[in-house]
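**Q** Only the shape, not the letters, is given here:
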């Protein structure tokens with residue numbers, strides 16, 4: 001089962017390439033990379049939460065808030081990366097971390113199940129973004145910033161390399177830091193983690209804050225992709241990110257999986273979406289296939305384990 005997601009990805013690529021030769025082209029792979037980059041950042045944040053045995057449903061609201069605040073600050077501070085407007089980039093990451101921190105504190109301090117606390121925070125984030133924008137779109141037209149999409153190295157836009165860089169950062173956090181090891185300890189058995197002296201509540205709060213930072217990176221890449229920040233910037237990230245994490249092989253009960261699994265899951269989801277468009281299947285078929293894929297992944301991964309989202 002360890003290699004099953006990678007095998008599925010390879011089979012999907014070969015299947016769509018056989019159905020439509022245009023699928024197997026550098027241009028089409030670049031399209032897959034463009035759609036995968038923001039989703040990967042959000043899915044990495046979700047991965048840390050699920051490894052802890054919790055769930056986070058706040059990503060859509062967090063992405064929207066970060067995108068909108070970034071756009072407003074970027075324009076107010078000069079509207080180009082050549083000016084002090086570049087400070088809007090770290091500002092967005094700070095905003096994401098703060099939203100995640102609040103999310104974690106609501107969950108831990110008020111003892112509200114993580115899926116309920118995060119779902120509520122997601123609605124709050126979406127509402128706040130709507131309040132800031134009044135329903136309008138904020139255009140970010142700086143050529144330097146839009147270079148995330150328009151400037152290409154070896155056929156792929158810069159945003160793909162940015163996503164890879166943050167993937168490596170996430171892998172370093174997961175494997176080389178105490179915090180990353182603590183995520184697995186909490187997900188592997190909260191009672192045992194408590195008994196070993198680990199401050200589980202602090203780990204959970206830090207996990208949600210870290211997830212918020214990665215949601216913010218996803219927001220920046222989403223704005224860079226379309227050049228617009230709006231309330232709907234975070235739309236659909238909930239389904240795509242959680243689907244990718246599950247399909248990639250990260251266990252819903254916690255303690256198993258990681259960011260490389262999530263990379264494979266994101267690619268599977270986006271290869272399916274892209275491949276079905278290329279061969280001409282309608283959108284509702286794509287949604288149905290992804291839904292069936294999630295069910296299959298959960299059934300195959302649970303292996304008689306008891307799955308819960310209330311931690």
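**A** Nice, thanks for sending it over. The model shown is predicted, which means the values in this text are computed figures rather than measured ones. Numbering: from 1, shown residues only.
**Q** Compute the first-to-last residue distance for stretch 185-194.
**A** 10 Å (C-alpha to C-alpha, to the nearest Å).
**Q** pLDDT score assigned to the residue nearest in space to the middle of the chain?
**A** Centroid-nearest residue in the chain, with C-alpha atoms, centre = their mean: residue 42, separated by 1.3 Å. Listed pLDDT for residue 42 reads 97.
**Q** ditto for residue 165
**A** The model reports residue 165 with a pLDDT of 97.
**Q** Is it correct that it falls within a helix?
**A** Yes. Remark: residue 165 belongs to a helix, assigned using DSSP: H, G, I helix; E, B strand; the rest coil.
**Q** quick one: low-confidence parts of the stretch 1-150 of the chain?
**A** Along the stretch 1-150 of the chain, segments meeting pLDDT under 70 span 1.
**Q** Where do the helices of it begin and end?
**A** 4-19, 26-51, 59-76, 88-109, 114-133, 143-150 (DSSP state H, counting those that start in this stretch).
**Q** Of those helices, which stretch is the most buried?
**A** Among the helices of the stretch 1-150 of the chain, ranked by average contacts under mean count of other C-beta atoms under 10 Å, first place goes to helix 59-76 (a mean of 27). (Glycine included, C-beta is placed from N, CA and C.)
**Q** Could you list every helix and strand in contact with that helix?
**A** When contacts are defined as 3 or more C-beta pairs under 8 Å, 6 or more residues apart in numbering; DSSP states H and E, helix 59-76 sits against helix 26-51, helix 88-109, helix 114-133, strand 138-139, helix 200-226, strand 228-229, helix 237-248.
**Q** Quick one: distance of it to the chain centre.
**A** 16 Å (C-alpha atoms, centre = their mean, to the nearest Å).
**Q** what do you get for stretch 7-16?
**A** 23 Å.
**Q** Next, the residues that contact it from outside, please.
**A** With C-beta atoms under 8 Å, 6 or more residues apart in numbering as the test, stretch 7-16 has contacts from 23, 24, 247, 264, 267, 268, 271, 272, 274, 275, 278, 279.
**Q** What count of nearby residues applies to the last one?
**A** Just to be clear, that refers to residue 279. 13 (other C-beta atoms under 10 Å).
**Q** just the fifth one next, same as before
**A** Residue 267 sits with 24 neighbouring residues when counted by other C-beta under 10 Å.
**Q** so it sits right up against residue 29, yeah?
**A** No. Counting by C-beta atoms under 8 Å, residue 267 does not reach residue 29; the two are 10.3 Å apart.
**Q** Mind checking which of the contacts of stretch 7-16 are buried?
**A** Neighbour-count burial (16 or more other C-beta atoms under 10 Å) is assigned, among the contacts of stretch 7-16, to 23, 247, 264, 267, 268, 271, 272, 274, 275, 278.
**Q** Next step: the residues you listed restricted to helices.
**A** Mapping the buried ones among the contacts of stretch 7-16 onto helices (DSSP state H) picks out 247, 264, 267, 268, 271, 272, 274, 275, 278.
**Q** Now for the residue nearest to the centre of the chain: which residues touch it?
**A** For residue 42, the contacting residues are 59, 63, 214, 215, 218, 237, 240, 241, by C-beta under 8 Å, 6+ apart.
**Q** Quick check: chain neighbours aside, which residue is closest to it?
**A** Leaving aside its sequence neighbours, residue 42 sits nearest to residue 218 (C-beta to C-beta, 6 or more residues apart in numbering; 4.1 Å).
**Q** Report the separation between the residue in the chain sticking out farthest from the centre and residue 151.
**A** Distance to the chain centre peaks in the chain at residue 195, reaching 32.0 Å (criterion: C-alpha atoms, centre = their mean). Residue 195 sits at a distance of 52 Å from residue 151 (criterion: C-beta to C-beta, to the nearest Å).
**Q** Same question for residue 185.
**A** Distance, residue 185 to residue 151, by C-beta to C-beta: 42 Å.
**Q** Give me the buried positions along stretch 176-194.
**A** By neighbour count on 16+ other C-beta under 10 Å, the buried set for stretch 176-194 is 180, 182, 183, 184, 185, 186, 187, 188, 190, 193.
**Q** Quickly find the element holding residue 252.
**A** With elements delineated by DSSP states H and E, residue 252 resides in a region that no helix or strand encompasses.
**Q** tell me the pLDDT at it?
**A** pLDDT for residue 252: 81.
**Q** Tell me the buried residues in stretch 211-230?
**A** 211-225, 227-230.
**Q** who touches residue 39 in this structure?
**A** 218, 237, 240, 241, 244, 266, 269, 270.
**Q** any idea how far it is from residue 153?
**A** Going from residue 39 to residue 153 by C-beta to C-beta gives 21 Å.
**Q** So which of the contacts of residue 39 is the closest to residue 98?
**A** residue 218 (16.0 Å; C-beta to C-beta).
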